[in-house]
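**Q** predicted coordinates and the sequence they were generated for:
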Amino acid sequence: MSNRVRDFLDILDKFESFDFDAYFEQVDDEDVRKSLKKAYPTWMDFLNLLSPKAQNHLEEMALVARENYIRHFGRVLQLYIPLYISNYCSSDCAYCGFSKKNRIKRKHLTKEEIEKEAKEIAKTGIKHLLLLTGEAKKIADLNYLMIAVDILKKHFSSISLEVYPMDESDYKKLKNCGVDGLTVYQETYDQEVYKQVHLSGEKRDFLYRLKTPERGARAGFRALNIGVLFGLSDIKKDAFFSGMHAKYLMDKFLECEVSLSLPRINQAEGDFKPNFYLNDKEFVQIMLAYRIFMPQIGINISTRERASFRDNLIGLGVTKMSAGSKTDVGGYEGKDKSTPQFEISDHRSVKEIVKVIKQKGYQPVFKDWEIGI
Ligand code: SF4
């Protein structure tokens, strides 16, 4: 299929009238077993592994996923930590605490405050930082981000961005400044639902967002992280399209490390009620299906998930975990805090999480990249 694909939109178009329910209906146990044995699983194998029938085979899936994980990554688990520097936003997304319609405490860190937060986080020893803002281009503009990166690179060896989508030329400036990774979630691949939950602001532009990881890759970022917000739309379709998108990026940008995250909706300001619910069993199934379909994919799990659940995922395919996270601006230094973007569930310190990773027989990795500028 990849030979004929010029653009990920071709893949979305190809599946526009595909009947997922009818496909899942006809998958039997033998189909799942065959898909598990494939050295090079196809998109149909991926669907088989996402099917309800595959829930009878989670243990076999876990064995294959673990083998793939150990073969490609070894017994290691990388840690990263998020830093929110601004929570102003000019978009209205129904599910997000930072939405412009929410009357929350807003905060935009000064240079001095960014430095203080950086020093506080650096005490944990984690060297991979995820830098976040709301989508307010005029407040957290390119210049502000470059100043922030300049400060942060003194304390961290790898900086990834999770801000508003930008043009390639702006990404190049950030890359030259020291950013090496880009996170951008499509939230959902269902264009109708996308319109319904992105009520106003630049984020309403589905296609511009869809092509963001490619602009980032062309600008020279070495790491791309994508995903959906599970709960917005049909869970299995979003799992399928996020996997297909990741595969498309891996095939097209061989020099990039591509990862998937599996955020599911948590409580945030505004009381959004999701139409769909991703339960723990299906969450694990999707994660295993990703790992089997794409043995070399990175998989990130954040502190949205509760501690005991995260611990049980170690060794099943997760390559990166956030630790010690705060989702409010100014949250690490602890003075004059703002409203968080969403509630986190794993409140343990970095030390506590490191202890668990070691107890499970894995090596926590604080640094595997050094900014090369
Ligand atoms: S999801 Fe992003 S763009 Fe939407 S309201 Fe939240 S911060 Fe703003």
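**A** That came through, no problem. All values derive from a computational prediction rather than experimental measurement.

**Q** list the contacts for Ser91?
**A** 99-100, 134-135, 198, 200-204 (C-beta atoms under 8 Å, 6 or more residues apart in numbering). C-betas here are computed from N, CA, C, even on glycine.

**Q** what's the answer for His128, then?
**A** Going by C-beta under 8 Å, 6+ apart, His128 touches 78-81, 156-158, 160, 320, 366-369.

**Q** and Gly97, what pLDDT?
**A** At Gly97, the pLDDT value in this model is 87.

**Q** do you know how far it is from Ser349?
**A** Here the distance between Gly97 and Ser349 works out to 24 Å (C-beta to C-beta, to the nearest Å).

**Q** and if you look at Phe24?
**A** From Phe24 across to Ser349, the span is 42 Å (C-beta to C-beta).

**Q** quick one, which of those two is more surrounded?
**A** Phe24 (16 against 11; other C-beta atoms under 10 Å).

**Q** name the residues that touch the strand or helix carrying that one?
**A** Using DSSP states H and E, Phe24 falls within helix 20-26. For helix 20-26, contacts defined as C-beta under 8 Å, 6+ apart pick out 47, 50-53, 234, 236-237, 240.

**Q** so which of the residues you listed is the most crowded?
**A** Taking other C-beta under 10 Å as the neighbour criterion, Leu50 ranks highest of the contacts of helix 20-26 with 27 neighbours.

**Q** need the contact list for that residue.
**A** 24, 236, 239-240, 285-286, 289.

**Q** quick check: it vs Leu63, distance?
**A** Counting by C-beta to C-beta, the gap from Leu50 to Leu63 is 18 Å.

**Q** which residues of this structure lie near the ligand?
**A** 89, 91, 93, 96, 98-99, 134-135, 203 (C-beta under 6 Å from any ligand atom).

**Q** show me where the stretch 51-200 of the chain has strands.
**A** Taking DSSP state E, counting those that start in this stretch as the test, the strands found in the stretch 51-200 of the chain are 76-86, 92-93, 128-133, 158-162, 181-183, 198-200.

**Q** redo those as CSV? Include mean pLDDT.
**A** CSV is the format used below for the strands of the stretch 51-200 of the chain (pLDDT from 0 to 100):
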stretch, mean pLDDT
strand 76-86, 97
strand 92-93, 95
strand 128-133, 97
strand 158-162, 98
strand 181-183, 98
strand 198-200, 96
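
**Q** any idea which of those is most buried?
**A** Among the strands of the stretch 51-200 of the chain, the stretch with the highest mean neighbour count (mean count of other C-beta atoms under 10 Å) is strand 181-183, at a mean of 25.

**Q** other residues contacting that one?
**A** Contacts for strand 181-183 (C-beta under 8 Å, 6+ apart): 130, 158-162, 171, 212-213, 216, 221-226, 261.

**Q** tell me which strands it pairs with, and in which orientation.
**A** Next to strand 181-183 in the sheet, as set by DSSP bridges, lie strand 158-162 (parallel), strand 223-227 (parallel).

**Q** tell me how far the first one is from the chain's mean position?
**A** To tie it back to what came earlier, the one meant is strand 158-162. Relative to its chain's centre, strand 158-162 lies at 12 Å (C-alpha atoms, centre = their mean, to the nearest Å).

**Q** what angle sits between it and strand 128-133?
**A** Between the axes of strand 158-162 and strand 128-133, defined by axes from the mean of the first three to the mean of the last three C-alpha atoms, to 10 degrees, the angle is 30 degrees.

**Q** cool, the last one as well?
**A** With the same axes, to 10 degrees as the criterion, the two stretches strand 223-227 and strand 128-133 enclose an angle of 60 degrees.

**Q** contact partners of strand 223-227?
**A** Residues contacting strand 223-227 (C-beta under 8 Å, 6+ apart): 158, 160, 180-186, 213, 216-217, 242, 245-246, 249, 253, 256-263, 298, 300.

**Q** name the residues of that strand that are buried.
**A** In terms of neighbour count (16 or more other C-beta atoms under 10 Å), strand 223-227 has its buried residues at 223-227.

**Q** and the furthest pair within these?
**A** Ala223 and Gly227 (13.6 Å; C-beta to C-beta).

**Q** what about the closest residue to Pro52 other than its chain neighbours, distance to the ligand?
**A** Spatial nearest neighbour of Pro52, excluding adjacent residues (C-beta to C-beta, 6 or more residues apart in numbering): Phe24 at 6.0 Å. Going from Phe24 to the ligand by C-beta to the nearest ligand atom, to the nearest Å gives 30 Å.

**Q** can you pull the pLDDT of Phe24?
**A** Looking at Phe24, its pLDDT is 98.

**Q** thinking again about what came up before, would you list the contacts of helix 20-26 in JSON lines and tack on distance to Pro274 and pLDDT?
**A** Converted to JSON lines, the contacts of helix 20-26 look like this (distance: C-beta to C-beta, whole Å; pLDDT from 0 to 100):
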{"residue": "Leu47", "distance to Pro274": "23", "pLDDT": "98"}
{"residue": "Leu50", "distance to Pro274": "19", "pLDDT": "98"}
{"residue": "Ser51", "distance to Pro274": "22", "pLDDT": "98"}
{"residue": "Pro52", "distance to Pro274": "20", "pLDDT": "98"}
{"residue": "Lys53", "distance to Pro274": "25", "pLDDT": "98"}
{"residue": "Asp234", "distance to Pro274": "12", "pLDDT": "97"}
{"residue": "Lys236", "distance to Pro274": "15", "pLDDT": "97"}
{"residue": "Lys237", "distance to Pro274": "15", "pLDDT": "98"}
{"residue": "Phe240", "distance to Pro274": "19", "pLDDT": "98"}
